[in-house]
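Student: 3D, please:
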Amino acid sequence: MDNSDATIFIKGIEEKLGSPVTWRTFSTWYGSNEGVIREYGVFLCICGGQLYGEDFERLPQILGYTIKQKNRPKYEKYSFSIPLSRIRSISRVTKKGADLACRAASKVPLAEAGAFSKAMSQIVTQLETEGGICHYFELISHKEFIDALRKELTDGSIQGL
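Tutor: Next comes the predicted model:
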């Protein structure tokens, strides 16, 4: 996506949600304990008191040429919106545990990854909302995500901030 495509994409989100995007990033992997997993990656932003996410199809390429795959499942667009006020906690967990929780649709949040796991495993961010839904993000910068949420939520209502 070049800069003009990105600008058009963000303007579309702002129009859809009726508010300016105040922060944005990309998650290279996304899952939720509602059985959703997106290997393609997800655009994330904070807009109008909500964390909004939307995936897009990313076809495999080698040297700029798209690789055609006969058995590739049909792409279906996925988006979600989480009111920031509904976020209960944020923690760092193993990607393997998150993947298993997503595939099993487990409503039990994962325990925070220990020091050994953080050093030896891929780590993702677990965001738990009211109602027991957990979202998992492999973020480019976890710290930047936390800082953006702190800026939006000054009441200290989220564990892990």
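Student: any idea which helix or strand of the protein has the worst average confidence?
Tutor: In the chain, no helix or strand scores lower on mean pLDDT, DSSP states H and E than strand 61-62, which sits at a mean of 68.
Student: Helices of this protein, start to end?
Tutor: Using DSSP state H, the helices assigned to the chain run over residues 3-17, 95-104, 115-120, 142-152.
Student: With respect to N33, which of those helices lies nearest?
Tutor: N33 lies closest, by C-beta to C-beta, to one member of the helices of the chain: helix 95-104, at 5.3 Å. Where you see a C-beta, it was placed from the backbone N, CA and C, and this is true even at glycine.
Student: what sits up against the closest one?
Tutor: Residues from elsewhere that reach helix 95-104 (C-beta atoms under 8 Å, 6 or more residues apart in numbering): 29, 31-33, 35-37, 106, 108, 110, 113, 121-124, 126, 134, 136, 138.
Student: Got a quick PyMOL command for the buried subset of these?
Tutor: Those of those that count as buried under 16 or more other C-beta atoms under 10 Å are selected in PyMOL with:
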select buried, resi 29+31+32+33+106+110+113+123+124+126+134+136+138
